[in-house]
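# kindly generate the corresponding structure for this input.
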Amino acid sequence: MPNFYAYVTNFRSLTALIGKAALAIPFITLIYNIGPPWLTPIAVAILTSIVQIFVLIYIFQFWMPLSRLRRKLRLRLSIIFGGVSLIGYLGLFAFFVFNAPDTNNRDIKGFIYTEAAKAQINSAYPEQRALQGAGFEPTLIWEPWTVYV
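Numbering: from 1, shown residues only. You can find the predicted model right below:
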């Protein structure tokens, strides 16, 4: 473990920087592509950076003076909360986001069909074809309030 720590904290070595960049690039592209559909990916990156700065300020201001045991407990709780939040977000993203008409353009689904859509959507005329017919306008397929929720 000390060797890994020395590698991660070594910012002066060129090979360490290249190794970190090689590890970071796949994760950056993954995170860049799963952002929310209503913001551009650049806006998501900027907002995420701002939130991270506030979280760091909060941690250094309020969590650092705590005893070591309490810090470990809070770190574990934070990791658990972050993991549960990520799984919840990915689940909601998978069920309530559709590509309109490609992966560069996304929109949000609702969860209750309108009466007109309910009469048309079946196994022969699936939801995706109904969306294409509605010009990828989700409020024509789902009740508007369910799309906004």
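# any regions of this structure where pLDDT drops low?
For the chain, applying pLDDT under 70 flags the ranges 1-44, 60-69, 71, 103.
# please enumerate the helices of it.
For the chain, the helices defined by DSSP state H occupy 2-9, 14-33, 41-58, 68-96, 115-120, 127-133, 138-141, 144-148.
# tell me how far residue 104 lies from residue 90.
20 Å (CB to CB, to the nearest Å). Using the backbone N, CA and C atoms, a C-beta is placed for each residue, glycine as well.
# more neighbours: the two, which one.
residue 90 (11 against 8; other CB atoms under 10 Å).
# ok, that one to residue 47 distance?
Residue 90 is 18 Å from residue 47, by CB to CB.
# now residue 82
17 Å.
# same check, this time on residue 132
For residue 132, the distance to residue 47 - CB to CB - is 31 Å.
# and what of residue 122?
Following CB to CB, the distance that separates residue 122 from residue 47 is 40 Å.
# between those two, point out the one with more neighbours.
Using other CB under 10 Å as the criterion, residue 122 and residue 47 rank with residue 47 on top: 13 against 10.
# and the closest residue to residue 142 other than its chain neighbours, backbone torsions?
Among residues not flanking residue 142 along the chain, residue 110 sits closest, at 2.6 Å (CB to CB, 6 or more residues apart in numbering). Reported as degrees, to the nearest 10, the phi and psi values for residue 110 are phi -100, psi -170.
# now swap in residue 112 and tell me
According to degrees, to the nearest 10, residue 112 has phi -130, psi 120.
# count of residues packed around it?
That count, for residue 112 with other CB under 10 Å as the rule, works out to 12.
# my guess is it contacts residue 142. True?
Yes. Contact criterion CB atoms under 8 Å: residue 112 and residue 142 qualify, at 6.2 Å.
# distance check, the closest residue to residue 116 other than its chain neighbours against residue 118.
What sits nearest to residue 116 in space, not counting adjacent residues and going by CB to CB, 6+ apart, is residue 140, at 7.8 Å. Distance, residue 140 to residue 118, by CB to CB: 12 Å.
# could you do residue 58 as well?
From residue 58 over to residue 118 (counting by CB to CB), the distance is 47 Å.
# kindly report the same for residue 77.
Taking CB to CB, one finds residue 77 at 43 Å from residue 118.
# and if you look at residue 85?
Residue 85 is 33 Å from residue 118, by CB to CB.
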